[in-house]
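Peer 1: need a 3D model of the sequence below.
(4 chains)
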Protein chains: 4
Amino acid sequence: MTLHTGRHFLQIPGPTNVPDQVLRAMARPTIDHRGPEFAALTRRLLAELQPVFGTTGPVVVYPASGTGAWEAALVNTLSPGDRVLCFETGHFATLWRAMAEQLGLDVDFVPGDWRHGADPARLAERLAADAGHTIKAVCVVHNETSTGVTSRIPALRRALDEAGHPALLLVDTISSLASIDYRHDAWGVDVTVAGSQKGLMLPPGLSFNAVSQKALAASRTAGLPRSFWDWRPILEANEHGAFPYTPATNLLYGLDEALAMLRAEGLPAVFARHARHARATRAAVRAWGLEVLCADEREHSGSLTAVLLPDGHDADKVREIVLERFDMSLGAGLGRLTGRIFRIGHLGHLGDLTLAGTLAGVQLGLQLAGVPVSPDGLGAALDVLREEGEGA
Amino acid sequence: MTLHTGRHFLQIPGPTNVPDQVLRAMARPTIDHRGPEFAALTRRLLAELQPVFGTTGPVVVYPASGTGAWEAALVNTLSPGDRVLCFETGHFATLWRAMAEQLGLDVDFVPGDWRHGADPARLAERLAADAGHTIKAVCVVHNETSTGVTSRIPALRRALDEAGHPALLLVDTISSLASIDYRHDAWGVDVTVAGSQKGLMLPPGLSFNAVSQKALAASRTAGLPRSFWDWRPILEANEHGAFPYTPATNLLYGLDEALAMLRAEGLPAVFARHARHARATRAAVRAWGLEVLCADEREHSGSLTAVLLPDGHDADKVREIVLERFDMSLGAGLGRLTGRIFRIGHLGHLGDLTLAGTLAGVQLGLQLAGVPVSPDGLGAALDVLREEGEGA
Amino acid sequence: MTLHTGRHFLQIPGPTNVPDQVLRAMARPTIDHRGPEFAALTRRLLAELQPVFGTTGPVVVYPASGTGAWEAALVNTLSPGDRVLCFETGHFATLWRAMAEQLGLDVDFVPGDWRHGADPARLAERLAADAGHTIKAVCVVHNETSTGVTSRIPALRRALDEAGHPALLLVDTISSLASIDYRHDAWGVDVTVAGSQKGLMLPPGLSFNAVSQKALAASRTAGLPRSFWDWRPILEANEHGAFPYTPATNLLYGLDEALAMLRAEGLPAVFARHARHARATRAAVRAWGLEVLCADEREHSGSLTAVLLPDGHDADKVREIVLERFDMSLGAGLGRLTGRIFRIGHLGHLGDLTLAGTLAGVQLGLQLAGVPVSPDGLGAALDVLREEGEGA
Amino acid sequence: MTLHTGRHFLQIPGPTNVPDQVLRAMARPTIDHRGPEFAALTRRLLAELQPVFGTTGPVVVYPASGTGAWEAALVNTLSPGDRVLCFETGHFATLWRAMAEQLGLDVDFVPGDWRHGADPARLAERLAADAGHTIKAVCVVHNETSTGVTSRIPALRRALDEAGHPALLLVDTISSLASIDYRHDAWGVDVTVAGSQKGLMLPPGLSFNAVSQKALAASRTAGLPRSFWDWRPILEANEHGAFPYTPATNLLYGLDEALAMLRAEGLPAVFARHARHARATRAAVRAWGLEVLCADEREHSGSLTAVLLPDGHDADKVREIVLERFDMSLGAGLGRLTGRIFRIGHLGHLGDLTLAGTLAGVQLGLQLAGVPVSPDGLGAALDVLREEGEGA
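Peer 2: Predicted coordinates for the structure are as follows:
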């Protein structure tokens, strides 16, 4: 590898750039997880997490990465053989389906083209066809990290409501929480799955389940075996500012700091900042003459943009050049998109000039890789950045 | 809480004092977990973990706390309804049994008095009585963190061998790994369970399974549902220096540093240091006129010492005084030992003078709590510390 | 060098143990020293330094170590050939004299035995003999870091007042500020010299002059050449939250944090803590059967204790053993005390148990070096520590 | 102030962006400055500093900011009333002259227009006119931080040699060392003055004098009073890996890390990187239609670029907008250039994409401030960055 000087540009769609103050907070000495200082920290964190999820209900914190929180959502609410409806929005939706199958669930997978979100109309059809209410849960990835497409959760909720269908709504917000507007309670979500390493601006290692009363009720009868992921002992211990097993203390320190930063900026400003950066990025992509993967204007992601290359061009080659020459990491195409797209992460702790540097690096990389692009991309992004942001 | 000046004494038996250099390593910027720099880190870590476990086989790393690695050991090797033999050595053995039951296993629990380790003779009896080999696994906590008693794994292995019994041997080394002599391969252990926050000198958040070939073979037919904990996709991804889901990057940075520190000191010196500190601590306890909980000289823990108080004295009161007056955290009695003992952690990143300060704080706390003790305890410990350690 | 595990014991009388939170504060990114954020920091620091010096007048901050602040005190107030009165209280007083001579001042050096502070009676004699007021300044080291003797500044001030002598009073508080009661204004000090690396709990690299109106007036006519140390441009720039040359930004971050810690504890509690730790240390020294160097009960230092060894024993040998075996740094005898004493620093960020560990290490080192000592020293210190501190 | 998210862009010409690893190195616990570990550090640093200055002679390290090292260069080599020749290259040259005058030297100041470096022809004239060798030293700022003009030291040296004039050559490399090619020995410099906070990638607080044998000889007879800055006791103590007064330990830790980074990159690559970034910046300035302050193609600075605004436009307004809207600090015009220029720092720890982001921010700020500029500036810079650097 070439030696680079200056700060690495980590512009994958997560893990994101961890702010210095969060890294420093994580470097505090580990304390007794059964002592009074830790109990006070736990209580504060649990209270402060709620508004980030848009809930007044419990948020369960796992000392584990986000995939674990997926498993938790399933094993706490479902029983072996239960039927769940999943939408093929991309790579991560596909992985979640595979997990559900491995855990012994019966997955009904609505096929997709990886350029659209979960379709409320298709959901309505499936629910209408399920008069017997055999579907126990609907699993949706809010923001597909592999495609940069954001499913419209309120519309999906509406489909459930209109069908009068009792299925639980389980939503993966791993790459949307604290980046794209999201409301657990208002949107009637039953389990929200999240992780630490994206909008929450932490390293990976913490994950979350926000849990509705309906989900809690389901957990009382759910038959999948569970121990580590079991909500009950966690919620009980949380009452006393504790956890049933050793929590990831230093990541919780970081979470404390990151939540303070989000409060200081304010969630509406956080969402507006992400949306503005996404707009600037799409402006660049289009001015380059390239195509944004997301095919529905209503579903553009605020946290990442997937860029489709013209046939005959290798997206991984672009990424390799960008890494080697400009010390920037971009996201690869995953699964069926391998080599066809690259992904620009613009979420988390990110300012205008770092985004400008990012898009400069992409433009240079595209040119060096021989992809035919107009040099006007970066300028088009700057035109957006010149406009004042809502938070500014 | 009283404001204290100076460094907190974290003398619980884990999480332990994380060395400054490990905390600083963890404060490095998070990198792309799919990039070449991360792959090199992963490969190095996986290779360097092996000698710490005393194995040449695979070590699986989870972005999760130690309890998760217990669950992993069970779900990867066993099927619903399988019979497992557990030993009641203390609180954590009891929790592990509860987990096994929750996961649908049939637990045969050998009762114990919480002052002895797993008894090889009792194991031999149970195996002899199991001519049909219905016992699929024997679960032992190597070092009971709740009691300071270290079970003799080689003797237990011998019992299995002498019985010609095919049961798997699953061992929890959460509070012994990298503190007390332990040898996964040489002792014929099938799954070794470990965590980051004790002898490995890291914060909590990583856990481990060292896996024998026999365990791997068992995993191919094991019927418990599993996804997050499944060894197979992890071992496959590890081949390429990757993980199947987002690893806990910054904790891995810390692990890299901690492993370097262990290599620099050398495992034999690490074990000798812990044994010497444990001897000094027991010398203090006895000179105070108090009783060490561990009742078998062969089973004293090198990583912690549980101190039994005379009837009528409340161990939690002592701990409270020590925390309030001297800013030191000691371990509480757990489960049936609540209030009757306190535990002194002397594992991880610990030098002679911090141990001396620790024992000074315990002595002062005992006196202030009105526990009748001789003031000679600390001096007795110093007599041990005056002798040169093996590593010195 | 032997490899040690656990935290090093830095028990020299400065630099002292820098609290983790101060180290982390210093790791914040450097900012523009001409920008608004820096100006706000400067203004806050300058205001918050005043109570630490016990002054409502200006405190000048140098991006330099303490020796520089000595030079500043001299060159800002004196002219070539000016007569200054210095007291031989120990090594640092001797160095200060040498500096004054090198700068072209005429030093009247009152001899001393390095076991007593500056004698108010001797000062009175000298002043009485100076009817012509040829003495322009009296230079005193408040706490002699080389001996552990604290001169009684109020009594010296009284001598000046009673003589009606106009000499400036320049006081070095490098190892007393924020450890031992000190009051620039109330005691009529004209220039207080201080450094960052002792009671202020910072690394070395910042130093200070607190300046009286009388000293400011003197600076207008003082003829020693000066540029870097000149108060005037600094005080002018400080008006606008700036410095005339690049300040040591990251040390100022640490100062901000350290001042917050001092405010949280409260200066009276800080002084009481130091006095209590000094009492415990002297109790140990005497119970060992050794002599404290300081020969006047009124002058014992709150921040360090110098221990005199019996003839025929080498204090540096004790220090070497303590460093090698117990990973603790003690202060050496300096100048004429080389080999005859060692110094125990007990100032700055220090708690009871670290002091106990320190004294345990000293006791073990003395024993291993063959110095005949009673083993009761540590116990005598614990008897003091068992009593509640004022701040507790 | 507006709250910003993401990393601040510190693009003043120093202090520069301190690399994370340097900040972390500085967060190591302070150690005994008289112990063996510190002595080893000192010896290593002193040896490793030499190649950075291009010298095999001594480098004196001060625990003080760069201005102090200016003073040190003067007081160690000159006597009261000595005549020194200074060149008015800009603000810092002017300040240096003021210092010399304050210290009692007789300064001959060659006037300049702040757009050119020190002129070798003018030097030759002055030397030719000084048959009596009354000029004792020639003081030159290698890279004028206030103007972005780099004086040609070899040509100045040649003028001295050709005149056979014995004056000492004192050179300020505060903003050029480790950024722009510089050779203390090869260029016959007598004292090189440097600071920590620019090319050395450290916070402010350390400064340096590289000293020729001729300068050392001069110091033996130099009559300016000195103590703190005196080379002699420092060089003597350095022999034993020590310093005569408390060194700035934690900044030295950072220096150790920064020197390792410079060695890894290699000085030629470091210089090439800076030159390439300077070229890209000038390309942007010219494409915007603005003027670079430096008026001589041979004297463009590799570490910063000063941009002249058209009449009627306020450079400070541009800086204010850039800070407020884009969270970037740019350098102000100093002295007579106030409001007429702003300065872009592109030195120290800097990569291509951060430079691109920097220039994007400048372009946006110029546009928002209503300065008439072409939008082609950033693209012109990218054209330069697209070319492979020498180090790539």
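Peer 1: switch to C-alpha atoms for all contacts and neighbour counts from now on
Peer 2: Noted.
Peer 1: need the CA coordinates for stretch A:8-22. CSV is fine.
Peer 2: Backbone C-alpha positions of stretch A:8-22 (Å, rounded to 0.1, in the frame of the first residue of the first chain) are rendered in CSV as follows:
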residue,chain,number,x,y,z
HIS,A,8,-8.0,9.1,5.6
PHE,A,9,-11.4,9.8,4.0
LEU,A,10,-13.7,7.1,5.3
GLN,A,11,-16.7,7.5,3.0
ILE,A,12,-18.2,4.1,3.0
PRO,A,13,-21.8,4.0,4.2
GLY,A,14,-20.7,2.9,7.6
PRO,A,15,-18.8,2.5,9.8
THR,A,16,-18.6,6.3,9.6
ASN,A,17,-16.1,8.8,10.8
VAL,A,18,-16.1,8.7,14.6
PRO,A,19,-15.8,12.2,15.9
ASP,A,20,-12.6,12.8,17.9
GLN,A,21,-14.6,13.7,21.0
VAL,A,22,-16.4,10.3,20.8
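Peer 1: how about it: buried residues?
Peer 2: A:8-22 (16 or more other CA atoms under 10 Å in any protein chain shown).
Peer 1: among those, which lie within helices?
Peer 2: A:20-22 (DSSP state H).
Peer 1: and the closest residue in space to A:G335 that isn't next to it in sequence, how many residues sit next to it?
Peer 2: Nearest non-adjacent residue to A:G335, counting by CA to CA, 6 or more residues apart in numbering or on different chains: A:H91, 6.0 Å away. For A:H91, the neighbour count with other CA atoms under 10 Å in any protein chain shown is 19.
Peer 1: ditto for A:D383
Peer 2: With other CA under 10 Å as criterion, A:D383 counts 13.
Peer 1: for it, give me its contacts.
Peer 2: Listed by CA atoms under 8 Å, 6 or more residues apart in numbering or on different chains, the contact partners of A:D383 are A:A280.
Peer 1: in which helix or strand does the residue of the stretch 101-250 of chain A found nearest chain C reside?
Peer 2: Using CA to the nearest CA, the single residue of the stretch 101-250 of chain A nearest to chain C is A:N250, 14.4 Å away. Assigned by DSSP states H and E, A:N250 belongs to helix A:249-265.
Peer 1: so is that helix next to chain D?
Peer 2: Yes: using CA under 8 Å from any CA of the partner chain, helix A:249-265 reaches chain D at A:E265.
Peer 1: contacts for that helix next, please.
Peer 2: By CA under 8 Å, 6+ apart, the list of residues contacting helix A:249-265 reads A:21-31, A:33, A:41, A:45, A:48-49, A:178, A:196, A:200-203, A:205-206, A:270, B:203-204, D:3.
Peer 1: count of neighbours near A:D106?
Peer 2: By the criterion of other CA under 10 Å, A:D106 has 18 neighbours.
Peer 1: please spell out the ChimeraX selection for the buried subset of the contacts of helix A:249-265.
Peer 2: Per 16+ other CA under 10 Å, the buried members of the contacts of helix A:249-265 correspond to this ChimeraX selection:
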select /A:21,22,23,24,25,26,27,28,29,30,31,33,41,45,48,49,178,196,200,201,202,203,205,206,270 /B:203,204
